[in-house]
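Visitor: turn this into a structure:
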Amino acid sequence: MALIVAIPLVALAQITPDNVATLLSMKLPDSRVSQGNFLRVLPALLGFGARIKFNAPIEEFVLLLTDLGIMEPGYPINPPAPVTRGWAAVLKVKALGIQPNLIEWIQIKISGLTPAIATKMAQRAGVMPPGKAENTETGMEFASECLAIASLARTRPLPGANISSILAIISAITSRVVNIKTCELVIPGLVHVPTS
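Guide: Take a look at the predicted model:
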């Protein structure tokens, strides 16, 4: 059974730090996060929340992420399906410019950027909890990863990213959703850049 987050869409316009914090707060107790949830927050975590409405069809999020060079055309998407570490890791590695070590580089040359390789890269970079590529994401892992993604995006922004928006999201996550200490327990080596 697919888990869809019901957020009142009437008042929502652009993706704001409050939208992201509300979604993450709702997902915390869940044992499963959907691909649609992940795709809705990723642009904001990278500083592009102003480019799309929070209640836009998922295809618009895919188009934005494709335009940013994060998603390849034809990347497998099933919005109600659970996010696995590997599925999300491929997007994180591309979005954050995470570089492979020598062994990963050789593996990528042989078989391309697979979910298993991307998972190892994201874990090494401190933006993903331990576990196998096929493991699904929990709400707490999702919130911790969102903090790590925004923190790393702040230090390596994509061209055109709104840094003040990223800072506001980091602040909203740490003040309204989950504290840094809890995130550090979820993701050993968590990437977190203080906002002040």
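
Visitor: CA only for contacts and neighbour counts going forward, please
Guide: OK.

Visitor: low-confidence stretches in this protein?
Guide: 1-15, 27-31, 191-196 (pLDDT under 70).

Visitor: regarding it, what is its longest helix?
Guide: helix 139-155 (DSSP state H).

Visitor: with adjacent residues omitted, what lies nearest to residue 184?
Guide: The shortest distance from residue 184 to any non-neighbouring residue, by CA to CA, 6 or more residues apart in numbering, is to residue 190 (5.5 Å).

Visitor: quick one on the thing from earlier: return the list of helices and strands in contact with the longest helix of the chain.
Guide: Packed against helix 139-155 by the contact rule (3 or more CA pairs under 8 Å, 6 or more residues apart in numbering; DSSP states H and E) you find helix 17-27, helix 35-45, helix 85-96, helix 163-176, helix 180-186.

Visitor: run the last query once more with 7 Å
Guide: Contact partners of helix 139-155 among helices and strands, from 3 or more CA pairs under 7 Å, 6 or more residues apart in numbering; DSSP states H and E: helix 35-45, helix 163-176, helix 180-186.

Visitor: out of those helices, which is the most enclosed?
Guide: With neighbours taken as mean count of other CA atoms under 10 Å, the helices and strands packed on helix 139-155 reach their highest mean count in helix 35-45, at a mean of 23.

Visitor: so which residues make contact with that helix?
Guide: 15, 20, 49, 54, 58, 61, 78-83, 146, 149-150, 166, 169 (CA atoms under 7 Å, 6 or more residues apart in numbering).

Visitor: list the buried residues of the very next helix or strand once past that helix.
Guide: Going down the chain from helix 35-45, the next helix or strand is helix 58-67, by DSSP states H and E. Going by neighbour count (16 or more other CA atoms under 10 Å), the buried part of helix 58-67 is 58, 61-62, 64-65.

Visitor: sorry, back to before: what are the buried residues along the longest helix of the chain?
Guide: The neighbour-count check on helix 139-155 (16+ other CA under 10 Å) flags 139-154 as buried.

Visitor: can you tell me how far the residue nearest to residue 58 when sequence neighbours are not counted sits from residue 94?
Guide: Excluding the flanking residues, the one nearest residue 58 by CA to CA, 6+ apart is residue 36, at 6.9 Å. Taking CA to CA, to the nearest Å as the measure, residue 36 falls 18 Å from residue 94.

Visitor: ends of stretch 148-162, what's the gap?
Guide: This stretch, stretch 148-162, spans 17 Å end to end (CA to CA).

Visitor: show the contacting residues for residue 188.
Guide: So residue 188 contacts 126, 129 (CA under 7 Å, 6+ apart).

Visitor: kindly recompute the last result at 8 Å.
Guide: By CA atoms under 8 Å, 6 or more residues apart in numbering, the contact set of residue 188 is 126, 129-130.
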